[in-house]
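Chemist: Just a sequence and a predicted model for now, questions to come.
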Amino acid sequence: MKIIAYALAGAALFGAVSTASAAPLKVFACVPEWASLVKTIGGERIASVTLATTAFENPDNLKPTPGMIAALGEADLLLCTGIGLEDEWLPALMERAKNPNVAKGKPGYFMAGEYAKVIEEHNEGEHSKVDARGAEEEEVHPHVQGDPNNVRVIAGQLAKRLIALDPEGKDVYTDRTKTFLSQLTALTKELKAKAAPLKGINIVVQHDHSTYLFNWLGVRTAAIVEPEPNVAPGPAHLAKIIADVPKNRMRFVIYAAYEDPAPSRFVSEKAKIPLIKLPFTVGGTPEATDLLEFYKDSVQRLLDGLAGRERT
C-alpha cells in the first residue's frame with residue numbers, strides 16, 4: 001500500500017509540474033525591443049510582460065522600484081541585452097528579487113546580446129574601463145537591436161528558450177517565429193534597397209547609440225555631440241562640430257527618443273542642417289510600434305533628413 005501511495009503521490013507531483021510548465025509564461029524584459037520580440041513570438045503563451053525601461057528612458061540609468069522587484073521575483077523568464085548594458089542595476093535587482101528560476105545559468109535567464117554579432121567600442125583616456133591588472137577591458141556597443149540581422153538570430157534562440165520553458169507551446173512558438181522571420185527577411189531586403197541613397201553619407205549624432213543601425217545601412221558618424229552620455233558638451237566642442245559640417249558634408253543631426261535634443265538642436269540651427277529624432281527602439285516614435293515598424297520608421301526618418309526635412 002505504501003508503494004501505491006508513493007506512486008500516486010509521485011504521479012500527482014508530476015502532474016503539478018507538467019501543468020506549471022505548460023502554463024503561459026511571465027516575462028521580465030529589460031528593454032522595449034525584447035519585450036516586443038517575446039510578444040511577437042509568444043503570442044497567447046505569454047501571460048504578461050513587465051518592462052523595466054521605456055523608449056524614453058536611458059537603459060543605463062534605471063532605478064529599480066518595489067514593483068520591478070516583485071515582478072522579477074515572479075518571472076519565468078528574464079529577458080535582457082547583457083553585454084554590459086544593464087550592469088549598473090540588474091545584478092542588484094536580481095539579488096533583491098531572489099528568484100532562482102531566472103538566475104544566471106538557468107533556462108529562465110536569457111541575454112540577447114550573447115547571440116548577436118557585436119561591434120567593439122574603443123574607449124581611450126580617463127573614461128576607459130580597466131581590469132584588476134590595469135589593462136583596458138574590451139567593451140562592445142550594446143544596442144544590438146539596430147541591426148535586423150542580429151534580431152533574426154536572437155529570435156531563433158529566444159524561440160528555443162521559450163520551448164524549453166514551455167514545451168506544450170512548441171507549435172505556437174515555432175509557427176510565430178517562422179512568420180516573423182519571413183516578414184523580417186522580406187522587410188530588410190526592401191529597406192536596404194530603399195535606403196541605398198544613405199550609404200556613405202556623413203551625419204552628426206548626439207551620442208553613439210545607433211552604431212548597429214548605421215553599420216547596417218552604411219551611414220557614417222562624422223561627429224558626436226555628446227562623447228560622454230549625460231555630460232553636456234562644451235562650447236569649443238560644439239563650435240568645432242559646426243565648423244566641420246560643411247567641410248565633411250554632414251547632412252543632418254540625429255538624437256534618440258530618450259535624449260534631450262537641446263545640444264543637437266543648437267548644432268542643427270547653427271549649421272543649418274535638419275534635426276532628426278530616431279526611435280532608437282520600439283515605442284520611441286508613434287510609428288515604431290514593433291520591431292518591423294521600428295526599422296521602417298528609422299529608415300524613413302533618415303531618408304527625410306537626407307532630403308532636408310526635419311523630423312522631431
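Modeler: Yes, it's here.
Chemist: Can you list the low-confidence ranges for the chain?
Modeler: 1-23, 122-138 (pLDDT under 70).
Chemist: Tell me which stretches of it form strands.
Modeler: Along the chain, counting by DSSP state E, strands occupy 25-29, 46-51, 77-80, 109-111, 120-121, 139-140, 202-205, 220-224, 250-256, 275-278.
Chemist: highest average neighbour count across the ones you listed?
Modeler: The highest mean neighbour count among the strands of the chain, using mean count of other CB atoms under 10 Å, belongs to strand 250-256: a mean of 26. Using the backbone N, CA and C atoms, a C-beta is placed for each residue, glycine as well.
Chemist: For V299, give me its contacts.
Modeler: L191, K194, A195, L198, L217 (CB atoms under 8 Å, 6 or more residues apart in numbering).
Chemist: Need those in CSV (columns: neighbour count and distance to A236).
Modeler: Shown next, in CSV, are these (neighbours: other CB atoms under 10 Å; distance: CB to CB, whole Å):
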residue, neighbour count, distance to A236
L191, 19, 38
K194, 13, 39
A195, 20, 34
L198, 20, 30
L217, 21, 31
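Chemist: What I need now is the strands of the chain written out in TSV, including distance to S298 for each item.
Modeler: TSV is the format used below for the strands of the chain (distance: least, CB to CB, whole Å):
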stretch	distance to S298
strand 25-29	20
strand 46-51	20
strand 77-80	22
strand 109-111	24
strand 120-121	21
strand 139-140	21
strand 202-205	13
strand 220-224	15
strand 250-256	10
strand 275-278	6
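Chemist: among these, which is nearest A159?
Modeler: Closest of the strands of the chain to A159 is strand 109-111, at 11.0 Å (criterion: CB to CB).
Chemist: packing partners for the closest one?
Modeler: Applying 3 or more CB pairs under 8 Å, 6 or more residues apart in numbering; DSSP states H and E, one finds that strand 109-111 contacts strand 77-80, helix 148-165.
Chemist: Need the winner for burial among the ones you listed.
Modeler: Using mean count of other CB under 10 Å, the stretch among the helices and strands packed on strand 109-111 with the largest mean neighbour count is strand 77-80, at a mean of 24.
Chemist: What helices and strands are in contact with it?
Modeler: Looks like strand 77-80 contacts strand 25-29, helix 32-42, strand 109-111, helix 148-165 (3+ CB pairs under 8 Å, 6+ apart).
Chemist: wait, which of the ones you listed is closest to P142?
Modeler: Nearest to P142 among the helices and strands packed on strand 77-80 is strand 109-111 (10.4 Å), distances taken as CB to CB.
Chemist: Name the residues that touch that closest one?
Modeler: Contacting residues not belonging to strand 109-111 are listed as L77, L78, L79, C80, T81, G82, I83, V102, A103, Q157, L158, R161 [CB under 8 Å, 6+ apart].
Chemist: what's the nearest residue in space to the fifth one that is not next to it in sequence in contact with, if anything?
Modeler: This points to T81. Leaving aside its sequence neighbours, T81 sits nearest to G113 (CB to CB, 6 or more residues apart in numbering; 4.6 Å). Residues in contact with G113, defined by CB under 8 Å, 6+ apart, are T81, G82, I83, L85, V140, P142, V144.
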